[in-house]
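J.: Fold the following and give me the result.
(one chain, ligands or ions: 1)
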Amino acid sequence: MSDARATEVMCARASRRLKVLVGCERSGKVRDAFIRRGHDAMSCDQLPSDSDGPHYQGDVFDVVDYPWDLAIIHPPCTNTSVSGAKHFAAKWRDGRQACGVAFALRLWKSLAHVPHVALEHPVSILSTLWRKPDQIIQPWMFGHGEVKATCLWLRGLPKLTPTNVVDGRTPRVHWLPPSPERTRLRSETYAGIANAMAEQWALSQRELLG
Ligand SMILES: C[S@@+](CC[C@H](N)C(=O)[O-])C[C@H]1O[C@@H](n2cnc3c(N)ncnc32)[C@H](O)[C@@H]1O
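T.: As a prediction, this is how the structure comes out:
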């Protein structure tokens, strides 16, 4: 461990405030769940944040090299998700699929210096081209009566434990017509999942650091 990293770990031990990057997040849901628990979380997205809080508007690769304790990343899934499988041939031909996969894998590799990393993605071709996810969660396991299989690839983090298993199995934004707003709502992290990440992964960080 370098001196700089050792100093960072000592500071984290002393203050118990974790430096958390939430990459490719505009909603602020995960960022704010960590901030409410006393951590120094920052979101980053090409778009402005939907809610007030620490946010870097720009390319996530501008900030990956910061000495984060924990990174949670939500790479774009438009060209990788199996929900768009009928367009896979066209997306392969013009390179969109390769770009989507390469972006996610480059981001994961760019965080090699971060001790605890989670990559979140829907069911996608990452599972076959990279590796199977470590966990697949559903919103109904975290207090939302909806279905949306969400894959988690984890490094240095435990699987999430369901916090509130509820009835109800409707697809997310089922009744909304197609629109940019629908796309945004479809990709927004559920509050129950964001809270579980902050509760369970900050605790495991504390155990690991302290
Ligand atoms: C699947 S959505 C994730 C949304 C997230 N779950 C939330 O609650 O806001 C992917 C996000 O990645 C952002 N994005 C795409 N390329 C990016 C880049 N190079 N740097 C930062 N953000 C990027 C998009 O603007 C989009 O908001």
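
J.: Show me where the chain has its helices.
T.: Counting by DSSP state H, the chain has helices at residues 3-15, 29-36, 88-93, 96-110, 126-129, 180-187, 191-209.

J.: I'd like the distance between the residue nearest to Lys148 when sequence neighbours are not counted and the ligand.
T.: The shortest distance from Lys148 to any non-neighbouring residue, by CB to CB, 6 or more residues apart in numbering, is to Arg172 (4.8 Å). No exception for glycine: its C-beta is placed from N, CA and C like everyone else's. Arg172 sits 12 Å away from the ligand, going by CB to the nearest ligand atom, to the nearest Å.

J.: count of residues packed around Arg172?
T.: Neighbours of Arg172 under the rule other CB atoms under 10 Å: 16.

J.: give the contact list for it.
T.: Residues in contact with Arg172 (CB atoms under 8 Å, 6 or more residues apart in numbering) are 139, 146-148, 185-186.

J.: Pick out the most distant pair among the residues you listed.
T.: Greatest spatial distance among the contacts of Arg172 (CB to CB): Val147 and Leu185, at 15.0 Å.

J.: the bottom helix or strand of the protein by mean pLDDT?
T.: helix 3-15 (a mean of 48; mean pLDDT, DSSP states H and E).

J.: Give me the neighbour count for Pro171.
T.: Per other CB under 10 Å, the neighbour tally for Pro171 reads 10.

J.: From Thr78, how far out is the residue lying closest to it once chain neighbours are set aside?
T.: Among residues not flanking Pro171 along the chain, Val147 sits closest, at 5.7 Å (CB to CB, 6+ apart). Distance of Val147 to Thr78, given as CB to CB, to the nearest Å: 20 Å.

J.: Ile35 now?
T.: Ile35 sits 28 Å away from Thr78, going by CB to CB.

J.: Neighbour count: the two, which is higher?
T.: Shown here are Ile35 and Thr78; by other CB under 10 Å, Ile35 has more neighbours (18 against 14).

J.: what's the neighbour count on the closest residue in space to Gly53 that isn't next to it in sequence?
T.: The shortest distance from Gly53 to any non-neighbouring residue, by CB to CB, 6+ apart, is to Gly28 (5.3 Å). Using other CB under 10 Å as the criterion, Gly28 is surrounded by 23 other residues.

J.: shaky segments in the chain?
T.: Residue ranges of the chain with pLDDT under 70: 1-15, 173-175, 204-210.

J.: tell me which parts of it are close to the ligand?
T.: Counting by CB under 6 Å from any ligand atom, the residues of the chain close to the ligand are 24-27, 29, 44-47, 59-60, 74, 76-77, 187-189.

J.: Put the buried members of these into a PyMOL selection.
T.: In PyMOL syntax, the buried subset of the residues of the chain next to the ligand is picked out as below (16 or more other CB atoms under 10 Å):
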select buried, resi 24+25+26+27+29+44+45+60+74+77+187+188+189
